[in-house]
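Novice: Sequence and predicted structure, then a few things I'm wondering about:
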Amino acid sequence: ATRLTVLFLLKGLLKISLAPSGIAADVYVDGALAAAQVAAADVFVAPGPHTVEARNVTDPAAGGNYQYADKSVSTTAFAAGTRAVVLRPVKTWLTGTLSVFCQIYRKTPADDAQCVASADGNPLGTVAAAARGTFTLPTGGHTVAVSLTGASASRWSGPVSITANIIGGRTTNYTARF
């Protein structure tokens, strides 16, 4: 007499999501692609330990200012159980902001003078007297030079310069005084 046994192995559910909201990634479970460029995925797996990964993380709001690293976590699935897995990739800032205030002492409304800012020899833009201009720069050290332009610019000495350390996701302030 042959004896047969029926065995049902119930799978576990991994409810995978990415944080912060707005990002998407290729989701891998145990090295196999489970979903491409998604913010969340439900994946049924055998009970036991698993590795869940977010690769090629994208954020439409990044605009080249930052990027996200790949993220991997280990988890365990249980038969007929649900496990929430939240992947939180690390953000790396690629740019910061330089804020230049143009201060020209003893300038009258009749004087034609404004500041012209440059970083590492590349022009950034013009800033009106007694105004602030903001410019996006890559992170790290930059030689910032500010000179005056306009018909009255020769009344003041210049240019002025500093070495500015641009910190990712932050604003570095500089006041150009003439």
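Specialist: Thanks, I have the structure now.
Novice: excluding its backbone neighbours, what's nearest Gly168?
Specialist: Nearest residue to Gly168, sequence neighbours excluded (Cβ to Cβ, 6 or more residues apart in numbering): Trp93, at 2.3 Å. All C-beta spots, glycine's among them, are computed from the backbone N, C-alpha and C.
Novice: so what's that neighbour up against?
Specialist: Neighbouring residues of Trp93 by Cβ atoms under 8 Å, 6 or more residues apart in numbering: 65-66, 139, 167-169.
Novice: So how do I select the buried members of those residues in PyMOL?
Specialist: Only the buried entries of the contacts of Trp93 go into this PyMOL selection, using 16 or more other Cβ atoms under 10 Å:
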select buried, resi 65+66+139+168
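Novice: Which member of the contacts of Trp93 is positioned nearest Thr2?
Specialist: For these, the minimum distance to Thr2 (Cβ to Cβ) is 64.3 Å, reached by Tyr66.
Novice: That closest one touches Gly96, doesn't it?
Specialist: No - look at Tyr66 against Gly96 with Cβ atoms under 8 Å: they stay out of range, at 10.3 Å.
Novice: Mutual contacts of those two, please.
Specialist: What both Tyr66 and Gly96 touch, as defined by Cβ under 8 Å, 6+ apart, is the set 168-169.
Novice: got the phi/psi numbers for the nearest residue to Lys107 once chain neighbours are set aside?
Specialist: Distances taken as Cβ to Cβ, 6+ apart place Ala129 nearest to Lys107, at 5.3 Å, with adjacent residues excluded. Main-chain torsions, Ala129, degrees, to the nearest 10: phi -60, psi 140.
Novice: residues contacting Ile167?
Specialist: 93, 96, 139 are the contacts of Ile167 under Cβ under 8 Å, 6+ apart.
Novice: quick one: contacts for Ala25?
Specialist: Contacts of Ala25 by Cβ under 8 Å, 6+ apart are 18, 37-38, 54-58, 68, 71, 87, 89.
Novice: So for stretch 101-120, what gets flagged as buried?
Specialist: 101-102, 104, 107, 111, 113-119.
Novice: what ranges of the protein fall below the confidence cut-off?
Specialist: Low-confidence segments of the chain (pLDDT under 70): 5-8.
Novice: Now with 90, please.
Specialist: Per-residue confidence for the chain (pLDDT under 90) gives these ranges: 1-10, 158.
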